[in-house]
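1. With the input below, show me the fold.
(one chain, ligands or ions: 1)
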Amino acid sequence: MRIAMVGTGYVGLVSGACFSEFGTEVVCIDKDADKIARLEKGEIPIFEPGLDVLVANNRKAGRLSFTTELAKAVGEAEAVFIAVGTPTGRTGGEADLSYVYDAVREVAAALKGYTVVVNKSTVPVGTGREVERIIRESNPQADFDVVSNPEFLREGAAINDFMRPDRVIIGAETERAQEVMRELYRVLYLIETPILFTTLETAELTKYAGNAFLATKITFINEIADLCEKVGADVHDVARGIGLDGRIGRKFLHPGPGYGGSCFPKDTLALVHTAQKAGAPVRIVETVADINDKRKKAMASRIVEACDGSVAGKTVAILGVTFKPNTDDMRDAPSLEIVPALIAAGAKVQAFDPEGMEQAKPMLAGVQWCGSAYEAMTGADVVAILTEWNEFRALDMERVKEAMKAPVMVDLRNVYSPADMTAAGFRYSSVGRPLKRPGA
Ligand code: NAD
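-> Purely as a prediction, here's the structure:
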């Protein structure tokens, strides 16, 4: 089988590489000529663990190629995946579908023979029907079906998520389209992955409902963490205590500075917009989005408090700027709220991130970028951990103390133990945990 992947970003490149690993012939298309040129030279334009090897192996095997020429690749494909961005639009939180519809118009003109057009981008309910309408209008002769196949991979663990997913959702309404999709995912049938066939609308909504639920879980534990701080409870024990209840589950109960990334912020807003328009508002999700927004903005004040109420003229070391570890993705990262607020309050910011600095530089003006965590902490009055990269989990605290002007740490990811840090001589604050545990 041959497929074309329109959009070679985080999702398109990972999905394309994984489908080729499944044995499918894949052509990844992007309108960004520079990105395609880099891929053709063997460079990987994003940081995603394992992706370089997967791409190299499948290129070598002749199953994976890259192009800017959409028409040829689409004309030869049995399935065409749309994996372009769907960012938040300029007004009201709705998803901007212009990239999807532009891509679909180009695809429509290039279709030859029966083709399944698969929406992998996260798109609001009703988009699949509109895609059908656009294709029919632009190319009345086209023989096609539209399918919704939302993607659930997580950056940083994307390959494993794609190859061993919890489930695959496929909104496909004809037997012919279902057959093509079954064939594409046949490797997952072999490992007994649940594959759910639904209508277009159900598949589209399932993606948003999933992300909104996870965003709600994070926001819930963040608010419980704030309450823990007021009443002297430990949020990690509370999370474990509730998470062991099988109805709740232990994942996504880790408190922090608020969710960011390329999906949760925009997808919660888009769901709120869809629901309001449909006359069935999702008030929980409205509140979650609002709380999370305010939380990210409020995080800078924790660092200011740790500096006795003012960072003016002080040096703040920032460890980690990406929205989570193992990615270079900066989209909606909490650092984008925290760092500018510190600079506006008069701080000098020295920052280090293992993979995200190239992406971050144009987004965070006025930061002094450093070559290592220790360099960032040199001469600092306070250090704040914003992203829990592994290399920040085992810092040599004696070396940290020597490097810093004062041993003050704000750990927004709860990487360290309050007791250990206090014993090591730090003024330490984290999220939702008392400094002392019972009996300590
Ligand atoms: P991205 O911005 O990394 O990549 C999109 C790519 O599409 C870009 O390289 C862009 O140049 C290209 N593009 C845009 N229009 C094009 C066109 N007409 N022809 C060819 N190429 C075109 O985006 P992403 O993070 O991969 O997200 C893609 C979609 O997948 C979004 O809807 C997103 O919500 C969804 N999604 C993302 C993730 C994630 O973790 N990033 C996870 C699940 C779902």
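
2. who in the stretch 151-300 of the chain is up against the ligand?
-> Taking Cβ under 6 Å from any ligand atom as the criterion, the stretch 151-300 of the chain approaches the ligand at residues 151, 153, 155, 262-263. For glycine as for every other residue, the C-beta is placed from the backbone atoms N, C-alpha and C.

3. just those residues now: which is nearest G246?
-> Using Cβ to Cβ, L153 is the member of these that sits closest to G246, with 25.2 Å.

4. List only those of the residues of the stretch 151-300 of the chain next to the ligand flagged as buried.
-> 151, 153, 155, 262-263 (16 or more other Cβ atoms under 10 Å).

5. circling back: in strands, which of the residues of the stretch 151-300 of the chain next to the ligand appear?
-> Counting by DSSP state E, those place none of their members in strands.

6. Out of these, which one has the weakest pLDDT?
-> Lowest pLDDT within those is found at S262 (92).

7. got the contact list for it?
-> 10, 155, 323, 329, 331-332 (Cβ atoms under 8 Å, 6 or more residues apart in numbering).

8. With A103 instead?
-> 6-7, 82, 84.

9. swap in R129?
-> 146, 200.

10. Thought A225 was touching G432, still the case?
-> Yes - counting by Cβ atoms under 8 Å, A225 is a contact partner of G432 at 2.7 Å.

11. Overlap of the contact sets of those two?
-> If you check G432 and A225 against Cβ under 8 Å, 6+ apart, the residues they both contact are 235, 255.

12. Contacts only, for the closest residue to the ligand within the chain.
-> Taking Cβ to the nearest ligand atom, the ligand has its nearest neighbour within the chain at G9, 1.8 Å off. By Cβ under 8 Å, 6+ apart, the contact list for G9 reads 30, 46, 83-85.

13. Which two of the residues you listed have the greatest separation?
-> Applying Cβ to Cβ across the contacts of G9, the maximum distance is between I46 and V84, 15.0 Å.

14. Centre of the chain to the longest helix out of those in the chain, how far?
-> The longest helix of the chain (DSSP state H) is helix 200-231. Remark: helix 200-231 is offset 14 Å from the chain centroid, using Cα atoms, centre = their mean, to the nearest Å.

15. do stretch 176-196 as well
-> Distance, stretch centre to chain centre, for stretch 176-196: 25 Å (Cα atoms, centre = their mean).

16. And the contacts of it?
-> Contacts of stretch 176-196 (Cβ under 8 Å, 6+ apart): 1, 3, 19, 22-24, 78-79, 114, 116, 118, 145, 147, 149, 164-170, 172, 197.

17. Mind checking which of those are buried?
-> Listed as buried from these are 3, 19, 22, 24, 78-79, 116, 118, 145, 147, 149, 165, 168-170, 172, 197; burial here means 16+ other Cβ under 10 Å.

18. In strands only, show me the residues you listed.
-> Per DSSP E, the buried ones among the contacts of stretch 176-196 map to strands at 3, 79, 116, 118, 145, 147, 168-170, 197.

19. Same question for the closest residue to Y208 other than its chain neighbours, what's its three-state structure.
-> Leaving out its chain neighbours, the residue that sits closest to Y208 by Cβ to Cβ, 6 or more residues apart in numbering is L271, at 4.3 Å. Following DSSP: H, G, I helix; E, B strand; the rest coil, L271 is assigned to helix.

20. For burial, what's the neighbour tally of L271?
-> Neighbour count of L271, defined by other Cβ atoms under 10 Å: 25.

21. With E398 instead?
-> 10.

22. again, but for R240
-> 12.

23. Could I get the pLDDT score of it?
-> 98.

24. Pull out the buried positions in the helix or strand hosting it.
-> Assigned by DSSP states H and E, R240 belongs to helix 235-243. When burial is assessed from 16+ other Cβ under 10 Å, helix 235-243 yields the following buried residues: 235-236, 238-239, 242-243.

25. Could you do stretch 276-295 as well?
-> If you call a residue buried by 16+ other Cβ under 10 Å, then stretch 276-295 has these buried ones: 282, 285-286, 288-289, 291-293, 295.

26. again, but for stretch 27-41
-> Neighbour counts using 16+ other Cβ under 10 Å place 27-31, 35-36, 39 of stretch 27-41 among the buried residues.

27. is that stretch anywhere near the ligand?
-> Yes - counting by Cβ under 6 Å from any ligand atom, contacts between stretch 27-41 and the ligand involve 29-32, 35.

28. residues in contact with the nearest residue to A360 once chain neighbours are set aside?
-> Nearest non-adjacent residue to A360, counting by Cβ to Cβ, 6+ apart: V321, 4.7 Å away. V321 makes contact with 330, 333, 335, 339, 351, 353, 356-357, 360, 364, 386-387 under the criterion Cβ under 8 Å, 6+ apart.

29. most neighbours, which of these?
-> For those, the largest neighbour count, defined by other Cβ under 10 Å, is 30 neighbours, found at A333.

30. State the helix or strand in which it lies.
-> Here A333 is assigned to no helix or strand, by DSSP H and E.

31. Next, the closest residue to it other than its chain neighbours: secondary structure please.
-> Excluding its sequence neighbours, the residue lying closest to A333 (Cβ to Cβ, 6+ apart) is F323, at 3.9 Å. Here F323 is coil, with the state taken from three-state DSSP.

32. Ok, the one 3 residues further on next?
-> Secondary structure of N326, reduced to three states by three-state DSSP: coil.

33. Skipping adjacent residues, who's closest to E201 in space?
-> In space, E201 is closest to V125, 5.1 Å off (Cβ to Cβ, 6+ apart).

34. Identify the residues contacting that neighbour.
-> Counted by Cβ under 8 Å, 6+ apart, V125 has contacts 201, 204-205, 208, 274, 278.

35. The same query, at a cut-off of 10 Å, please.
-> Shown in contact with V125 (Cβ atoms under 10 Å, 6 or more residues apart in numbering): 148, 200-205, 207-208, 271, 274-275, 277-278.
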